[in-house]
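> Using only what follows, build the 3D model:
(one chain, ligands or ions: 2)
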Amino acid sequence: MNRTLLVTGGAGFIGSHLVRLLVTKYPDYRIINLDKLTYAGNLENLRDVEDRPNYRFVKADICNFDTVLRLLQEERVDGIIHLAAESHVDRSIKDPFTFARTNVLGTLSLLQAAKAAWEPTGYLMPGPVDSVMPGPDRASIPCRFYHISTDEVYGALPRGGSLFTEQTPYRPHSPYSASKASSDHFVRAFHDTYGLPTLVTNCSNNYGPCQFPEKLIPLFINNIRHRRPLPVYCRGENVRDWLYVEDHARAIDLIFHEGRIGDTYNIGGFNEWKNIDIVRLLIRVTDRLLGRTEGADDDLVTFVTDRAGHDLRYAIDSTKLQRELGWSPSLQFEEGIERTVRWYLDNQPWLDRVTSGDYQHYYETMYGAR
Ligand code: NAD
Ligand code: DAU
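Numbering: from 1, shown residues only. Ligands and ions are numbered 1, 2, ... in the order given. Alright, predicted model coming up:
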């Protein structure tokens, strides 16, 4: 089946892995990557697929309703996978307005545009609230609005014990997670009120190549390489549940095609790690790959003031996704970390261009100044 998919935020970390997967796996699909190219968007991430005939890049802001609607109509888009967002918790603490604008209003603008574009097709059928099982009609609906969200909307778990399930009530603590929670609610409201064919997934922490080096793993790999301090918040006792980014992209592909309209799926690898243990692992692997004595850089660890409102523990129960759609993560964490460290060490010019700001000129070079 030919499809035209709009991926928002496709120049970012997860979005670029997803775009690559879709462009190469589905040569009959047209993949349109809409991205504003904020500091987090980097078209170099997609250099290897940018010349494919089934790929198009559009520089635009999801908050611009008219532009988005025109694009959906002109390109006859029948699927939207929405990743564009402000994604860094520390930035949200300093500048919550930007997070509300992009994550809440941007998502609303996209929902309104999808509704306006798809309403004339007759596919928007409000059903009873909470009825996620597709009847024969709903199953055949060709359009899909798939919203990518985070486990942070569920709040924080105590040490050990329970996991976040799809039934866990929302209890966001940071401005970032509050903005993502709000966008999730809008997506479900558009399903329940207007019959927009939606899907929502909540995923745990991703790691892998092409992540902006403000996030824990790439920041620390780069700092170890340059023997700079590693600023561990508080005592490093917080726990995160880590998933290799390509496994997330595979889950998105599967859920987009086979997920039940109106439903929610948690995505995670049952892979909990205390921050300080990850930091020690990163030091060992980076030292070894650089030919240094393993652990030689342990003294770079610097305990610093805690993040405000720092969630103690995230842990995702992805049993539903595994049982219903047969997805499971492909990589063991140690293997994924080795691959990731190797990638950043082998791609120091990428890191240098990102940290110097040079990557932001790639768009002008490729597409001309606009
Ligand atoms: P990222 O910050 O690396 O990329 C975000 C992308 O969105 C960038 O390319 C940026 O230019 C673009 N963007 C930002 N504002 C925009 C706007 N107004 N209009 C158009 N494009 C805009 O983020 P990421 O880590 O790849 O996360 C992608 C999505 O996945 C986000 O919605 C995030 O909440 C979610 N998520 C991330 C993780 C994670 O661990 N990184 C985990 C679960 C869910
Ligand atoms: O859980 C999913 C979320 O994971 C995504 O929704 C977010 O977009 C993504 O940024 C990530 O959020 P975190 O806040 O968990 O990721 P971050 O890499 O910023 O931090 C991971 C942990 O490491 C967290 O407990 C804070 C800690 N940390 C982070 C940084 C940047 C430090 O101790 N020192 C640091 O310098």
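> For ligand 2, what is the nearest residue in the stretch 51-200 of the chain?
Ligand 2 sits closest to residue 150 of the stretch 51-200 of the chain, with a gap of 3.1 Å, by CB to the nearest ligand atom. For every residue, glycine as well, the C-beta is placed using N, CA and C.
> Tell me how many other residues crowd the nearest residue to that residue once chain neighbours are set aside.
Closest residue to residue 150 apart from its sequence neighbours, by CB to CB, 6 or more residues apart in numbering: residue 180 at 5.2 Å. When neighbours are defined as other CB atoms under 10 Å, residue 180 has 29 of them.
> Check residue 180 and give its pLDDT.
Looking at residue 180, its pLDDT stands at 99.
> Please apply the same query to residue 91.
pLDDT, read off for residue 91, is 97.
> Measure how buried it is and give me the count.
17.
> circling back: is the residue nearest to residue 150 located within a helix, as I assumed?
Yes. Checked against DSSP: H, G, I helix; E, B strand; the rest coil, residue 180 lies within a helix.
> so how far is ligand 1 from it?
To ligand 1, residue 180 is 5 Å away according to CB to the nearest ligand atom, to the nearest Å.
> I figured that residue was touching residue 172, is that so?
Yes. Assessed by CB atoms under 8 Å, residue 180 is found in contact with residue 172 at 7.2 Å.
> what do the two both touch?
With contacts defined as CB atoms under 8 Å, 6 or more residues apart in numbering, the residues shared by residue 180 and residue 172 are 152, 153.
> Break down this structure into its helices, ranges please.
13-25, 65-75, 89-94, 96-99, 107-118, 136-139, 175-194, 216-225, 245-258, 275-289, 319-325, 333-346, 348-356, 362-367 (DSSP state H).
> can you pull the contacts of residue 215?
residue 88.
> What values do phi and psi take at it?
phi -90, psi 160 (degrees, to the nearest 10).
> What's the separation between it and residue 175?
To residue 175, residue 215 is 17 Å away according to CB to CB, to the nearest Å.
> Can you name the residues of the stretch 1-150 of the chain sitting close to ligand 2?
For the stretch 1-150 of the chain, the contact set with ligand 2 under CB under 6 Å from any ligand atom comprises 87, 88, 89, 150.
> Select, from the residues you listed, the two members most distant in space.
Largest separation among those by CB to CB: 88 and 150, giving 11.7 Å.
> Show me which of those two is the more surrounded one.
Just comparing residue 88 and residue 150: by other CB under 10 Å the higher neighbour count belongs to residue 150, 23 against 16.
> Cross-check the contact I'm expecting between the more buried one and residue 177.
Yes. The criterion here is CB under 8 Å, and residue 150 meets it with residue 177 at 6.8 Å.
> mind showing which ranges of the stretch 1-150 of the chain have poor pLDDT?
1, 127-140 (pLDDT under 70).
> how about a cut-off of 90?
1-2, 121-142 (pLDDT under 90).
> Get me the contact residues on it for ligand 1.
So the stretch 1-150 of the chain meets ligand 1 at 8-9, 11-15, 35-38, 40-41, 61-63, 83-85, 87, 102, 106, 148, 150 (CB under 6 Å from any ligand atom).
> Weed out the non-buried ones from those residues.
8-9, 11-15, 35-38, 40-41, 61-63, 83-85, 87, 102, 106, 148, 150 (16 or more other CB atoms under 10 Å).
> Which residue, other than its chain neighbours, is closest to residue 17?
Nearest to residue 17 is residue 249, by CB to CB, 6+ apart, at 4.5 Å.
> Got the confidence number for the one you found?
At residue 249, pLDDT is 98.
> Check the gap between it and ligand 1 for me.
10 Å.
> Next: residue 257.
Taking CB to the nearest ligand atom, one finds residue 257 at 19 Å from ligand 1.
> next one: residue 318
From residue 318 to ligand 1 the distance is 12 Å (CB to the nearest ligand atom).
> what sits against that residue?
Applying CB under 8 Å, 6+ apart, the residues near residue 318 are 265, 266, 267, 268, 269, 270, 327.
> Identify the farthest-apart pair in the residues you listed.
It's 265 and 270 that sit farthest apart of those, by CB to CB, at 14.7 Å.
> more neighbours, these two?
residue 265 (23 against 16).
> Tell me the confidence at that one?
Taking residue 265 on its own, its pLDDT is 98.
> Correct me if wrong: it contacts residue 321.
Yes. The pair residue 265 and residue 321 qualifies as a contact (CB under 8 Å) at a distance of 4.7 Å.
> Find the residues that touch each one of the two.
251, 255.
> Tell me the residues on the stretch 201-350 of the chain that lie near ligand 1, please.
203, 205, 206, 212.
> For the closest residue to the last one other than its chain neighbours, give me its contacts.
Once flanking residues are discounted, residue 212 sits nearest to residue 40: 5.1 Å by CB to CB, 6+ apart. Residue 40 makes contacts with 12, 13, 86, 87, 88, 212, as judged by CB under 8 Å, 6+ apart.
> How about the backbone phi and psi for residue 40?
phi -90, psi -10.
> Sweet, I'm off.
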